[in-house]
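> Any chance you can model this:
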Amino acid sequence: MNLTEKQKNQVEIDIRHKVMREIRDKKVRMRPAFVFVAQKLGLQSILALAIVTGALVLNIFLYFLKKTSVLKFLSFGWPGLKIVLMTLPYDYIVLFLIAIILANYIVHQLDLSRGLRMTANASAFALLVITVGIGAFFAVNGIENTIRGWSNNKIPSDAAVSGRVIESSDTEATIKEDNGDITEVILNKPDTSLSQYKAEYVKNKVLRAIGQRDKTDENKFLAVELSFCVV
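Take a look at the predicted model:
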């Protein structure tokens, strides 16, 4: 059954009257326009803060990798991977993920992705790219000089060691770690020797080893794997 134009207009009038009557009966008050504007501005501010926070946390994480050179331990295979997993600053990784998830949520709350017809995964990827881009901008402008020391994570000293060689022999090497400690690294594995390296070549090179601290002397480190790496 098709309604005439007059009937359609009457239906619209009836609906408006009904709505106005409900508003009067229930004393519903319309919120002022500035409330919606403030809400939108607040969400946009949180979105910007989440993106900048994500970029800053990313820089902290990258500076941490640079400072510790922990990824160099991957050359040791599975033992080296365990050292990396023990060292990573998971609090910053979680904070970065929270920032991306929060930013993605706000994007959809503001319907910013509707015009582009982006799915949740696509908008999250776009935010990740934007965050990495801002992080790269921070890195180029030397933001790492500000964030030094924000992450206190260090390579676990009881399981791995890294430092420059001061002197060496066939079975041990004395190194100076990044924190200034002098440590004697003892190759505690059969058929393993530093004799293949000339002492003058080894000196001042970086040595990395995986093993354990001597329980009786913290200044001695026992390299129990094929775990020395002079580069």
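
> Name the residues of the top strand by length along the chain that come out as buried.
Counting residues, the longest strand in the chain under DSSP state E turns out to be strand 160-168. For strand 160-168, burial by neighbour count (16 or more other Cβ atoms under 10 Å) applies to A160, V161, S162, G163, V165, S168. The C-beta positions use only the backbone N, C-alpha and C, and glycine is treated the same way.

> among these, which two are most distant?
Across the buried residues of strand 160-168, the longest distance by Cβ to Cβ is 18.4 Å; it joins A160 and S168.

> The next helix or strand after the longest strand of the chain pairs with which strands?
Next helix or strand after strand 160-168 toward the C-terminus (DSSP states H and E): strand 172-177. Using DSSP bridges, the strands paired with strand 172-177 are strand 160-168 (antiparallel), strand 182-187 (antiparallel).

> Buried residues in strand 172-177, which are they?
E172, A173, T174, I175.

> residues in contact with that strand?
161-168, 182-187, 194, 202, 207, 228 (Cβ atoms under 8 Å, 6 or more residues apart in numbering).

> what do you get if the cut-off is 7 Å, keeping everything else the same?
Contact partners of strand 172-177, identified using Cβ atoms under 7 Å, 6 or more residues apart in numbering, comprise 161-167, 182-187, 194, 202, 207.

> Of these, which is the nearest to T87?
S162 (10.9 Å).

> That closest one contacts R208, correct?
Yes. With contacts counted by Cβ atoms under 7 Å, S162 reaches R208, the gap being 4.6 Å.

> burial of L187, as a residue count?
Using other Cβ atoms under 10 Å as the criterion, L187 is surrounded by 23 other residues.

> which of the residues in stretch 210-226 are buried?
I210, G211, R213, F221, L222, A223, V224, E225.

> what residue ranges in the chain score low on pLDDT?
1-14, 16-38, 112-121, 142, 144-151, 190-201, 226-231 (pLDDT under 70).

> can you map out the helices along this structure?
5-26, 33-68, 78-87, 90-109, 120-140, 144-147, 199-202 (DSSP state H).

> List of residues touching the third one?
Put plainly, it is helix 78-87. Helix 78-87 has contacts (Cβ under 7 Å, 6+ apart) with 68, 70-71, 73-74, 153, 155-156, 159-160, 210, 225, 227.

> Of those residues, which belong to strands?
Going by DSSP E, the strands hold A160, I210 from the contacts of helix 78-87.

> Quick one, which of the contacts of helix 78-87 are buried?
Buried, going by 16+ other Cβ under 10 Å: T68, V70, F73, N153, I155, A159, A160, I210, E225, S227, out of the contacts of helix 78-87.

> for the strands paired with strand 172-177, which one sits closest to Y92?
Across the strands paired with strand 172-177, closest to Y92 is strand 160-168 (Cβ to Cβ), at 20.3 Å.

> Please parse the chain into its domains.
33-147, 160-230 (automatic domain parsing).

> Distance to I15 for those - can I get that in JSON lines?
Converted to JSON lines, the domains of the chain look like this (distance: least, Cβ to Cβ, whole Å):
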{"stretch": "domain 33-147", "distance to I15": "23"}
{"stretch": "domain 160-230", "distance to I15": "73"}
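
> if we can go back for a sec, who touches the longest strand of the chain?
Contacts for strand 160-168 (Cβ under 7 Å, 6+ apart): 69, 73, 83, 155, 173-178, 183, 185, 194, 199, 202-210, 221.
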